[in-house]
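Enquirer: Using only what follows, build the 3D model:
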Amino acid sequence: MRTVYDFVFSLSRDAGSTEDIPESDRRWLTEAKATLPERLSSDFDILFGSEHAVIVAGLAVDRPDVTSAAGLVDLVAATQPDEITQLMFAGASHDPEMRPVVERALAGDKQAVFDLTCDYPEEKREVMVRAVTKRSEMKDAILAVLSAWRAPFEDIEERVKDILDRDVEMRSSDVRTLEPVELVEKTTGGLRYLSERGVRRVILAPSYFARPYNMVMSADDWRLFGYPVADAAIEGDDTLAPPQGVVRLHRALGDETRLRILKLLTDGDRYLTEIAAQLELSKPTIKHHLALLRAAGLVTVTEEGGLTYYSLRRPRLDEASVELKRFLIN
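Expert: Okay, here's the model as predicted:
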């Protein structure tokens, strides 16, 4: 439980993009980001807005003493550029076939750089090539953005910490009673993580600014899920406001494409490619709809052997009318 992760997650373009964060903090995000120096706007948007450099928060995983925005800025400043680049390619390094390619790319092999980055979308490919070939420049750009964001974030950091504390306290019973796979799935709201060879730690980190999504990071021997804090962890004084869980659920159900996806999943688990082909829509479009369905608790996402497939969470359908009645009648 550390605000160090939200410090970085709050820079994401998705942070505050839905009503799962109160309007006052969505407004704060917009206004605070507008104060960043113009010279940083490109690096801010490309590196953090699009989440290419969010993995830098992973530097804190093995440093429990680094708990805050200030601590991460100091840690990044003290970290060698090569270490940051290696972290950005940790996912590829986890694949035994790709590990030699990463090593050759970091050694300056141009063909290896191409092989390592050629499958990324164009914008991200440019960033990843830069991370390999201009490592010091990449570190300086990341550090400049984080240094500029530190002061605005510190204005709300203590309040965010209180929210994270409440969420962890509310989940203490789950931590004591649930098996690891069940704990991850319940805490993340539908990510079913199965063990991988070489991964010795799975870390659950509560996040305010990730709501309603999960921010997933990985390195050679750990996986981190920055999961969205529960609605009840966020204090509010509007007695007429519906719980965000109810809003998310009915918003997810109020779309024809998402209903078609749910209908398709009633026949069994499906891979992203299968769903896209069946509905004749692009994979990015289907992935967006699946993210909203997952956030509403209607779909389980399972990663196994490098593959990801989706399942219908049938009990959640039964809860839809119950939660609505509880809000309206109680």
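Enquirer: make it CA atoms for all contacts and neighbour counts henceforth
Expert: OK.
Enquirer: show me where the stretch 201-330 of the chain has strands.
Expert: 201-207, 215-218, 222-228, 270-271, 299-304, 307-312 (DSSP state E, counting those that start in this stretch).
Enquirer: per-residue confidence for Glu235?
Expert: At Glu235, the model reports a pLDDT of 69.
Enquirer: What segments of the stretch 151-300 of the chain are helices?
Expert: Secondary structure of the stretch 151-300 of the chain, counting by DSSP state H, counting those that start in this stretch: helices at 157-170, 172-177, 180-188, 244-253, 256-265, 272-279, 283-295.
Enquirer: Quick check: which of those is nearest to Asp119?
Expert: helix 283-295 (15.3 Å; Cα to Cα).
Enquirer: show me where pLDDT drops low in the stretch 101-250 of the chain?
Expert: Counting by pLDDT under 70, the stretch 101-250 of the chain contains low-confidence residues at 235-241.
Enquirer: make it 90
Expert: Residues of the stretch 101-250 of the chain that meet the criterion pLDDT under 90 lie in 101-103, 105-108, 112, 115-132, 181, 189-200, 212-213, 216, 218-221, 231-250.
Enquirer: and the protein, what are its domains?
Expert: The chain breaks down by automatic domain parsing into domains covering 3-231, 237-329.
Enquirer: Of these, which stretch is the most buried?
Expert: Most buried of the domains of the chain by mean neighbour count (mean count of other Cα atoms under 10 Å) is domain 3-231; its value is a mean of 18.
Enquirer: Quick one: end-to-end length of it, please.
Expert: In domain 3-231, first residue to last residue: 18 Å (Cα to Cα, to the nearest Å).
Enquirer: ok now it, how far from the chain's centre?
Expert: Chain-centre distance of domain 3-231: 7 Å, with Cα atoms, centre = their mean, to the nearest Å.
Enquirer: List the contacts of Met128.
Expert: Contacts for Met128 (Cα atoms under 8 Å, 6 or more residues apart in numbering) come out as Thr117.
Enquirer: element containing it?
Expert: helix 122-133 (DSSP states H and E).
Enquirer: Send over that helix as PDB, restricted to the C-alpha atoms.
Expert: Below are the C-alpha coordinates for helix 122-133, written out as PDB (Å, rounded to 0.1, in the frame of the first residue of the first chain):
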ATOM      1  CA  GLU A 122       4.100   2.800 -34.800                       C
ATOM      2  CA  GLU A 123       4.000   5.400 -31.900                       C
ATOM      3  CA  LYS A 124       5.000   2.900 -29.300                       C
ATOM      4  CA  ARG A 125       7.700   1.400 -31.600                       C
ATOM      5  CA  GLU A 126       9.400   4.900 -31.800                       C
ATOM      6  CA  VAL A 127       9.400   5.100 -28.000                       C
ATOM      7  CA  MET A 128      10.800   1.600 -27.500                       C
ATOM      8  CA  VAL A 129      13.500   2.200 -30.100                       C
ATOM      9  CA  ARG A 130      14.400   5.400 -28.300                       C
ATOM     10  CA  ALA A 131      14.500   3.400 -25.000                       C
ATOM     11  CA  VAL A 132      17.100   1.100 -26.500                       C
ATOM     12  CA  THR A 133      19.200   3.400 -28.600                       C
END
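Enquirer: First-to-last residue distance for stretch 232-243?
Expert: 8 Å.
Enquirer: swap that for stretch 223-233, sorry
Expert: Stretch 223-233 has an end-to-end distance of 24 Å (Cα to Cα).
Enquirer: OK, contacts around the residue nearest the centre of the chain?
Expert: For the chain, Met215 is the residue whose C-alpha lies nearest the centre (Cα atoms, centre = their mean; 1.2 Å). The contact partners of Met215, taken as Cα under 8 Å, 6+ apart, are Phe9, Phe225, Gly226, Tyr227.
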